[in-house]
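1. I'll drop the sequence and a predicted model, then ask my questions.
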2 protein chains.
Amino acid sequence: MEYIYPLQKLIEKFASLKGVGRKTAERYAFNVMAMSEEEAGEFADAIREAKEKVKPCRVCGNYTDSDLCPICSDDRRDKTVVCVVEDTKAVIAIEKTREFNGLYHVLGGVLSPSNGMGPDQIRLGELLSRLEEKTIKELIIATNPDVDGETTALYISRLAQPYGVKTTRLAYGVPVGASLEYADQATLMRALDGRREI
Amino acid sequence: MEYIYPLQKLIEKFASLKGVGRKTAERYAFNVMAMSEEEAGEFADAIREAKEKVKPCRVCGNYTDSDLCPICSDDRRDKTVVCVVEDTKAVIAIEKTREFNGLYHVLGGVLSPSNGMGPDQIRLGELLSRLEEKTIKELIIATNPDVDGETTALYISRLAQPYGVKTTRLAYGVPVGASLEYADQATLMRALDGRREI
């Protein structure tokens, strides 16, 4: 026997989230059932609105609710240095250090042949367009310090070579094999300071 | 720095679910952002519809999308035996054993003075109304085998005494201190077989 249909469906929706098993999905669904109609409505709206209103920034690919993200549209930021990251979570992590005043380029993934992620699946074309404009003097490649992240970093450094920009990589202050979003601020600061040319 | 507002709000909604921390909420929100507009819309609808369409059954309190739940409206079920449980999860767990052919009464909680759960906070009045009808011959009290569950079982057995119904408790095949929904089917079957009069 299963739950009554609309409840069963909600459980399945929660279970479709990565890392959520059946029991956890049930728990979340019962949590929703225990909410007031208003709270549940707000939750539903939050999903819909985040999906409808939040889009990638036209320039850097960071999540934004307008054409340009707050960082790209901030005149006080140094437009000659661009930090290349895998996703918005990495942007948030680096912004928290308050050590970086340049712009970002969010790839939306990394090169990973085994996962079917080739150069066309991540925002490399957009990066080339930005390099074409000749205002960028340095690319800090801050992909995660794992195999795919390293491969992507190397690939980008070669891509950038014809443009004569300095390409640097975050220093190995970041623990190898870990995910950037879990690095503490001190580690990230040291990693920014000790960045080396590729 | 925080995420752009609609995304930040979605993260907070996920974080409002019991047992979901900040990092997990972020992960879920990014999962939603990676969904197609259609998938995200379905997720939002699932929350709204489960909350709007699923209500407690008028008789037993089990979740249903009509006036009576499928169990209460099933003529083949034995209406003289009622199994009293804490929540719908326990109904599903017992139904899976296929050993029980009676009806249910879902309390929607247990007596727990420390959590402010008194007799008026759970569906005891509704249970008394059912006992008044004099068709019930046995109450199987299947609250969880923990302190609050035991207290509630004892309370109900006293409440039922004037009506001359037999009150039984699931046998201690269920591991003490555990939650009913995690019991395996074999254990639950033995617990049903070995039920004792209180």
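-> Great, that's in hand.
2. burial count for A:T187?
-> The local packing count at A:T187 equals 18, with neighbours defined by other CB atoms under 10 Å in any protein chain shown. Heads up, the C-betas are built off the backbone N, CA and C, glycines and all.
3. Sorry, slip of the keys, the one I care about is A:S129.
-> Other residues near A:S129 number 11, with proximity taken as other CB under 10 Å.
4. any idea which helix or strand carries it?
-> Using DSSP states H and E, the element containing A:S129 is helix A:124-132.
5. Ok, A:Q121 next?
-> A:Q121 belongs to no helix or strand when assigned by DSSP H and E.
6. so what's it up against?
-> Contacts of A:Q121 were listed using CB atoms under 8 Å, 6 or more residues apart in numbering or on different chains, and they are A:G109.
7. Repeat the analysis, applying 6 Å as the threshold.
-> Applying CB atoms under 6 Å, 6 or more residues apart in numbering or on different chains, one finds that A:Q121 lies in contact with no residue.
8. ok, so what distance separates it from chain B?
-> 13 Å (CB to the nearest CB, to the nearest Å).
9. Give me the local confidence score for that residue.
-> The predicted local confidence for A:Q121 comes out at a pLDDT of 92.
10. how near is it to A:G108?
-> Computed with CB to CB, to the nearest Å, the distance linking A:Q121 and A:G108 is 8 Å.
11. Then A:Q161?
-> From A:Q161 over to A:G108 (counting by CB to CB), the distance is 23 Å.
12. Pick out whichever of these two has more residues nearby.
-> Taking neighbours as other CB under 10 Å, A:Q161 and A:G108 compare with A:G108 leading, 18 against 11.
13. who are the neighbours in contact with that one?
-> Residues in contact with A:G108 (CB under 6 Å, 6+ apart) are A:61, A:122-123.
14. isn't A:T80 right next to A:K137, touching?
-> Yes - contact between A:T80 and A:K137 holds when scored by CB atoms under 6 Å: they sit 4.2 Å apart.
15. Output the helix holding A:S129 as PDB, nothing but the C-alphas.
-> Output of helix A:124-132 as PDB, limited to C-alpha atoms (Å, rounded to 0.1, in the frame of the first residue of the first chain):
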ATOM      1  CA  LEU A 124      33.800  28.500 -22.300                       C
ATOM      2  CA  GLY A 125      32.500  30.300 -25.400                       C
ATOM      3  CA  GLU A 126      31.300  33.100 -23.100                       C
ATOM      4  CA  LEU A 127      34.700  33.200 -21.500                       C
ATOM      5  CA  LEU A 128      36.400  33.600 -24.900                       C
ATOM      6  CA  SER A 129      34.000  36.400 -25.800                       C
ATOM      7  CA  ARG A 130      35.100  38.200 -22.600                       C
ATOM      8  CA  LEU A 131      38.800  37.700 -23.500                       C
ATOM      9  CA  GLU A 132      38.100  39.100 -26.900                       C
END
